Every structure is written in C-alpha cells, then in structure tokens.
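Q: model this:
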Amino acid sequence: MFITISEIDRLINEDVPYIDLTSWSLGIKEQSGKITYFTREDAVVCGTEEVRMVFERLNIEIDQMIPSGQLVRAGSELITGKGRAEDLHRVWKVGQNIIDSCSGIATKTKKMVDVMKVVDPHMVILTTRKGFPGTKKLATKAIMAGGAMPHRLGLSETIVIFKQHMNFIGGFEGLLEKLPELRKESCEKKIIVEATALEQAVALCRAGADGVQFDKLGVAELSEAVMTLRKEFPNCVLLAAGGINETNIATYAKTKVNGIITTSLYNAKPIDIGVKMQ
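A: Numbering: from 1, shown residues only. Here you go, the predicted model:
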C-alpha cells in the first residue's frame, strides 16, 4: 500500500500537535531507549510497514520487523527500534493504534476467508466502501493481508449500477435499453448491476451486463439463481451482498457465487498489542 510522507506526518500530528509535554517536563527527552511492540494474542500482523515509516520520521533506528500478512503467536515481537526517549514516546500510541486496528481487521478477515475456503476454495471475499472516513488505505491493506480483496476502491473504477442510478434513466427498463450502448462505449470496463430477483438478472445478462450483484437474497433463492444463470451465462460474474458476515459466511459459500461482498470486516475488534519501553 502506498502511504505518503504527508499521511504519516498527519498520523503523528494527531497525537503530537506541538510537543511531548510529559517527556519535556520529566527531563528525559534526550535519554536513549528501546521500544518493542508485541502481541498478546495470536494474530495476522498488519501495519508494521507504516510504523516503520513513523520510526524513520522520528529518527528511530529499527532493529527488526515482522511484515504484514504473517501469522504470529501470542508473545511475538512485531517491531522494535532504538532512539531518544522523547521520540519513542511520540511513536508509542501512533504505532500501537496502527498495528492493533490493522491486525484486528486482517485477523478477522483471515478467519472468515478460511471458513469460506473450506466450503468453496474458488470463492473470494470482497469488501465495500463503507469504512470509517480517513481509514481506507490502512483498512484496504488490512483486508488484503487477511486474504480478501476490495470490491471497489472508489467511483473511478468499475461501472456498478444501482437502483439509485436507474431512477435517473427511466428505471430498470431504461437501463436495459441503455446497456448495449454502454457496453460498446466501455468495452474495456466491467459493468456490474445490482439485482434483487432472478428475472432481473437474466434480463441484465442478456442486455450485456458482465455481472450481477444480488442484494439481500436468501440462500435458497440465491442458489437457484446461480444455478440458472450459470447454464445460460457461464462467464457472468455473480456476487452476493447484504448482511453477510462471519455468522453466515459458511452458508452463503454454498451458493457458488464468485464473490461475497461484506462490510463486517471493518468492524473487527483490535488485536491486543502491548508496548515495552526501556
């Protein structure tokens, strides 16, 4: 994930807008020390590369680091560094917040992916754009570290058509009329359309849609739709969305869709990351 220096500086500035008043007041800021981030639970580590960048901005010399995506056991040291006490205290919470949140998302993602892969090893988990504002880059990196992929990173990639769009072009029938022309104009782009019933999906595929995103269909209805569409449109991308999370992923994995779209991974509990300083 490409993180700019200005983005790293903003993360630091959130916690240290001026000075570290405590280190200044105690008179310890020039003392040398070592900082160690470790995990108190098994996890998929994520965010250490960004913490390394914070180290570099604060002139902290890195000793060792476990890269994102690695499975680690409780007690593992994730990243360590040496520097001035004032700089170590500046990085402390910034780094801890990055690693515990990102590792929490990566770990939850890995667990959900593993459950899905047992049922269907060819299926993928995709995440929505419904993340907390300002966290997209780190959250996207975290879900990828856990084995998932972003559904769509923004409006500038992939044509995804919802009911809200159809309201401006004459509804569903208006879309069917427009799809052939849209297909020609956007020959190198995928066109995915949301549908709520099999009949809609069939009409969309016949009109030129590359894929159908089913919203809030039950497992039985979705399975039937997939089976029917696969016969006539074997190359159509079929996606399931709406209320799918770790509690029902195994059931939805049986439907044979290409991908399952979820927001639930962004709500992962942070991993318990400890920090030692000496």
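
Q: Go ahead and list the helix or strand containing I143.
A: helix 136-145 (DSSP states H and E).

Q: What residues of that helix count as buried?
A: Applying a neighbour-count criterion of 16 or more other Cβ atoms under 10 Å, one finds 136, 138-145 buried in helix 136-145. All C-beta atoms are positioned from the backbone trio N, CA, C, and that covers glycine.

Q: Repeat that for stretch 141-160.
A: Counting neighbours by 16+ other Cβ under 10 Å, stretch 141-160 gives 141-148, 150-152, 159-160 as buried.

Q: Redo the buried residues of helix 136-145 as CSV? Include distance to G83.
A: Below are these laid out as CSV (distance: Cβ to Cβ, whole Å):
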residue, distance to G83
K136, 30
L138, 23
A139, 28
T140, 30
K141, 25
A142, 26
I143, 32
M144, 30
A145, 27
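
Q: Quick check: which helices or strands does the helix holding I143 pack against?
A: Applying 3 or more Cβ pairs under 8 Å, 6 or more residues apart in numbering; DSSP states H and E, one finds that helix 136-145 makes contact with helix 85-119, strand 124-127, strand 149-150.

Q: Compare those and report which one is nearest to Q200.
A: strand 124-127 (20.7 Å; Cβ to Cβ).

Q: contact partners of that closest one?
A: Applying Cβ atoms under 8 Å, 6 or more residues apart in numbering, the contact partners of strand 124-127 are 109, 112-113, 116, 139-140, 143, 147-151, 239, 249, 258-263, 265-266.

Q: Next: stretch 32-39.
A: Here stretch 32-39 makes contact (Cβ under 8 Å, 6+ apart) with 45, 48, 51, 60, 63, 72-85, 88, 91-92, 95-96, 99, 103, 271-278.

Q: Mind checking what secondary structure G83 has?
A: State at G83, reduced to three classes by DSSP: H, G, I helix; E, B strand; the rest coil: strand.

Q: Please name the nearest non-neighbouring residue to it.
A: I60 (3.7 Å; Cβ to Cβ, 6 or more residues apart in numbering).

Q: Count residues in the vicinity of the one you found, would you?
A: 24 (other Cβ atoms under 10 Å).

Q: hey, where'd the strands end up in the stretch 101-250 of the chain?
A: Using DSSP state E, counting those that start in this stretch, the strands found in the stretch 101-250 of the chain span residues 124-127, 149-150, 159-161, 191-195, 211-215, 237-241.

Q: With mean pLDDT and distance to L229 added, can I get those in TSV?
A: Shown next, in TSV, are these (pLDDT from 0 to 100; distance: least, Cβ to Cβ, whole Å):
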stretch	mean pLDDT	distance to L229
strand 124-127	97	18
strand 149-150	95	22
strand 159-161	95	17
strand 191-195	96	10
strand 211-215	96	7
strand 237-241	97	6
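
Q: Now tabulate the ones you listed in CSV and tack on distance to I5.
A: Below are the strands of the stretch 101-250 of the chain laid out as CSV (distance: least, Cβ to Cβ, whole Å):
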stretch, distance to I5
strand 124-127, 27
strand 149-150, 24
strand 159-161, 33
strand 191-195, 36
strand 211-215, 37
strand 237-241, 36
